[in-house]
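Student: after the sequence you'll find the predicted model.
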Amino acid sequence: MLDEQYQKGIEQFSKMVGHDKIDSLREKFKSLSPDFERCVMGTVGGEIWSRPNLDLRTRSLCSIAVLAALGRVNALELNIEMALNNGATKAEIIEVFFQVAAYAGFAAAWDGLEKTAEIFKASDT
């Protein structure tokens, strides 16, 4: 069962980050800890992101808001990139930061917007 969930997570993340980037993402996590990579792929990808009732675009926008509110810039960067792959528009992603500003503070929104601008600029080149 765990191997099934792990494989499901790898497939889910492959869709969201791109099949050409999944290996480097997994290696990044493995370099920190092989067990961490396994948990991220199996639990986050295989269980959470694979749940029904919210589409990937909505999950991405929710994740961006939470990560920005918590100031988790590494995960925020990854989730902004995934949001674009999951069908979120740049305008929708920017709009999320107005929600962040209202509920988590303008400083959190500003930090998130700074990271977003970097990602948008890189994706336009």
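Tutor: Received the coordinates, thanks.
Student: list the buried residues for the helix or strand encompassing M16?
Tutor: Assigned by DSSP states H and E, M16 falls within helix 2-17. Residues of helix 2-17 classed as buried by neighbour count (16 or more other Cβ atoms under 10 Å): 5-6, 8-14, 16-17. The way it works is simple: take the backbone N, C-alpha and C, and place the C-beta from them, glycine included.
Student: S60: what's its closest spatial neighbour, skipping adjacent residues?
Tutor: Counting by Cβ to Cβ, 6 or more residues apart in numbering, A83 is the residue found nearest to S60 once chain neighbours are left out, at 3.6 Å.
Student: follow-up on the earlier one: who's in contact with the helix holding M16?
Tutor: Residues outside helix 2-17 that contact it (Cβ atoms under 8 Å, 6 or more residues apart in numbering) are 22, 25-26, 38, 40-47, 49-50, 56, 60, 78, 81-82, 85-86.
Student: any of those residues buried? List them.
Tutor: By neighbour count, with 16+ other Cβ under 10 Å, these hold 22, 25-26, 38, 40-42, 45-46, 49, 56, 60, 78, 81-82, 86 as buried.
Student: F97: which of those is nearest?
Tutor: The closest of these to F97 turns out to be S60 (Cβ to Cβ; 13.8 Å).
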